[in-house]
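Asker: Prediction below, plus the sequence it came from.
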Amino acid sequence: MKTIKIVVLAIFGFCSTIVTAADLYVRDSGAGGSFSTISAAIAQASNGDRIIIRPKAAGLPFIENLVIDKSLTFVSEINFSNYFIQGTVSVTPLAGRVVTVHNMNLTSTFSSSADSTNGRTTINIYNSSLSSGVNANKLNTSVNISGCSITGTISCTHGRITGNTAGSVSISTSLADTNLATDDIEIIANALLTTEAAIYLDQKNYRTRILNNYLSNGTLYIEAAKTGSNNEIRNNAIDSGSDSAIVISLATGNQATFSVLNNAISTSISSSTYNEVVNSNILNATVYVMYNASTSAFTALNSNATNNISSASLSFNDVTRTVTGTALVNAGAADDDFTDIDLTRNDIGNRGGSDTWENYWPTSPGNKPLVNYLLTPRRIYNGTTEMNATGSGYTK
């Protein structure tokens, strides 16, 4: 059932007609004149419409494969209750297309079907559970994911990934975006569970910020970066197991800078075999390693390393995603830019700094809108200098 609202305005003698976006309802068996399938609602919808899905009783799924070929928003009719889909979801890209999904529980893969041409496609996924990962590593496509539980890998070429539980994050492409996004790649406050490369980066289009993540048994591996870029790896907790914690291995001709600050690291094997930070090619990557703490003797190969803490007594808790130890408290970089939210000096680990874990967790605060990103200035200026702040959030 589709409702179109017509508003007629008379201004200075002229008459204008404005067609607003419609709400389309999907309910089991088409109750109340609604659509009985999500696919039928998509077919009837127009760009900008919202599809409101009522979860079936007893958690029964809608059994269908969805092809989303319009700019649409999908939400649950019952706040903070997921609707189940047994099938796949595929977004057909188009310049300017924006697809937003809330509270979806999907049994199979969420994907983008092709590169976006002549403009960018944006996919937003919030507070959802995806059983087979996200496969959207297509050109000119941004993927923003927050508050989700994802089995497998989040795979994309650009986006903002905040406050998720997932196996791993892979941002990889060998090609250049022809329609560049205006912001960085940001991977913030995620719990990543894989035993291999929990964060893998191999792209040359964007600067990258990797902040306040908890890697329970994996590593951070970077094979490519935007040439000339300054990239941040800050306030993460990395329990890397039997491997080096952070490996930067840029190919010849790909030159970039990395700041590795305020990270808490544990390697279960002697640091003579596995290192806290490895720069595999000193001619390409300039790596600054400062104010980090490790349970082993801190080693940073081919890096500019100062003020790091060796053999710290740290406790990593994979259930609460915390790392504790007196060596971490007020021990991070002292600059105001890294101050904790209580305005004290930065605490090393994923609970420190302005992007602290507590900003993003719990991911389901209970019948409340959730702020999933906030970027504010850490300095107050006098005179005419602008202060810019950026934020985003979501609610039904």
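Answerer: Received, thanks.
Asker: which residues touch Ile246?
Answerer: Applying Cβ atoms under 8 Å, 6 or more residues apart in numbering, we find Ile246 in contact with Thr219, Leu220, Ile233, Ile238, Val260, Asn263, Ile265, Glu276, Val277, Val278. The way it works is simple: take the backbone N, C-alpha and C, and place the C-beta from them, glycine included.
Asker: Which of those fall within strands?
Answerer: Judged by DSSP state E, the subset of the contacts of Ile246 located in strands is Thr219, Leu220, Ile233, Ile238, Val260, Ile265, Val277, Val278.
Asker: Nearest to Asp183 among those residues?
Answerer: Ile233 (18.0 Å; Cβ to Cβ).
Asker: give me every residue that touches that closest one.
Answerer: By Cβ under 8 Å, 6+ apart, Ile233 lies in contact with Ile210, Leu220, Ile246, Phe258, Ser259, Val260, Leu261, Asn263.
Asker: want to try JSON lines for those, with pLDDT and distance to Asn346 as columns?
Answerer: Shown next, in JSON lines, are these (pLDDT from 0 to 100; distance: Cβ to Cβ, whole Å):
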{"residue": "Ile210", "pLDDT": "98", "distance to Asn346": "16"}
{"residue": "Leu220", "pLDDT": "96", "distance to Asn346": "19"}
{"residue": "Ile246", "pLDDT": "96", "distance to Asn346": "18"}
{"residue": "Phe258", "pLDDT": "98", "distance to Asn346": "18"}
{"residue": "Ser259", "pLDDT": "98", "distance to Asn346": "13"}
{"residue": "Val260", "pLDDT": "98", "distance to Asn346": "14"}
{"residue": "Leu261", "pLDDT": "98", "distance to Asn346": "8"}
{"residue": "Asn263", "pLDDT": "98", "distance to Asn346": "11"}
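Asker: and those residues as TSV, adding distance to Asn124?
Answerer: Putting these into TSV (distance: Cβ to Cβ, whole Å) gives the following:
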residue	distance to Asn124
Ile210	21
Leu220	25
Ile246	29
Phe258	29
Ser259	29
Val260	30
Leu261	30
Asn263	29
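Asker: Show the buried residues in those residues.
Answerer: Among the contacts of Ile233, the ones that count as buried by 16 or more other Cβ atoms under 10 Å are Ile210, Leu220, Ile246, Phe258, Ser259, Val260, Leu261, Asn263.
Asker: what sits against the second one?
Answerer: This points to Leu220. By Cβ under 8 Å, 6+ apart, the residues touching Leu220 are Ala197, Ala198, Ile199, Ile210, Ile233, Asn236, Ile238, Ala245, Ile246, Val247.
Asker: was I right about the third one contacting Tyr214?
Answerer: Think Ile199. No: contact between Ile199 and Tyr214 fails when scored by Cβ atoms under 8 Å: they sit 11.3 Å apart.
Asker: Please narrow the contacts of Leu220 to those residing in helices.
Answerer: Nothing among these maps onto helices, per DSSP state H.
Asker: Which helix or strand contains the residue nearest the centre of the chain?
Answerer: Geometric centre of the chain, nearest residue: Ile161, 0.2 Å, by Cα atoms, centre = their mean. Following DSSP states H and E, one finds Ile161 within strand 159-162.
Asker: and that strand, which strands flank it?
Answerer: Sheet pairing here is set by DSSP bridges, and for strand 159-162 it gives strand 141-146 (parallel), strand 185-188 (parallel).
Asker: shaky segments in the stretch 151-300 of the chain?
Answerer: Along the stretch 151-300 of the chain, the model assigns pLDDT under 70 to residues 242, 268-272.
Asker: try 90 this time
Answerer: Scanning the stretch 151-300 of the chain for pLDDT under 90 picks out 195-196, 240-243, 252-253, 267-274, 282.
Asker: follow-up on the earlier one: and of the ones in strands among the contacts of Ile246, the nearest to Thr286?
Answerer: Nearest to Thr286 out of these is Val260 (Cβ to Cβ; 11.2 Å).
Asker: these two touch, right, the closest one and Val287?
Answerer: Yes: between Val260 and Val287 a contact is recorded at 6.4 Å, counting by Cβ under 8 Å.
Asker: Now for these two: what residues contact both?
Answerer: The contact lists of Val260 and Val287 share Val277, Ala300, Ser303, where a contact means Cβ under 8 Å, 6+ apart.
Asker: Name the residues linked to the first one by a beta bridge.
Answerer: What that stands for is Val277. Where Val277 sits in a bridge, its partners, by DSSP bridges, are Ile246, Ala300.
Asker: chain center to the strand holding Ile161, what's the gap?
Answerer: In terms of Cα atoms, centre = their mean, to the nearest Å, the centre of strand 159-162 is set 2 Å apart from its chain centre.
Asker: And for stretch 57-76?
Answerer: 22 Å.
Asker: What average pLDDT does it get?
Answerer: If you average the pLDDT over stretch 57-76, you get 97.
Asker: Can you check the distance spanned by it, start to finish?
Answerer: End-to-end distance of stretch 57-76 (Cα to Cα, to the nearest Å): 13 Å.
Asker: buried stuff in that stretch?
Answerer: Going by 16+ other Cβ under 10 Å, stretch 57-76 has these buried residues: Phe62, Glu64, Leu66, Ile68, Asp69, Lys70, Ser71, Leu72, Thr73, Phe74, Val75, Ser76.
Asker: now the helices for the chain?
Answerer: 38-44.
Asker: What about the nearest residue to Thr322 once chain neighbours are set aside, how many residues nearby?
Answerer: Spatially, and ignoring its direct neighbours in sequence, Thr322 is nearest to Arg351 (6.8 Å; Cβ to Cβ, 6 or more residues apart in numbering). Burial measure for Arg351: 22 neighbouring residues, criterion other Cβ atoms under 10 Å.
Asker: can you check Thr257 too?
Answerer: Neighbour count for Thr257, taken as other Cβ under 10 Å: 14.
Asker: beta partners of it?
Answerer: Assessed by DSSP bridges, Thr257 has beta-bridge partners Asn230, Thr286.
Asker: how close does it get to Ile248?
Answerer: In this view, Thr257 and Ile248 are 10 Å apart by Cβ to Cβ, to the nearest Å.
Asker: Hmm, Asn235 is touching Asn263, no?
Answerer: Yes: under the criterion of Cβ under 8 Å, Asn235 makes contact with Asn263 at 6.7 Å.
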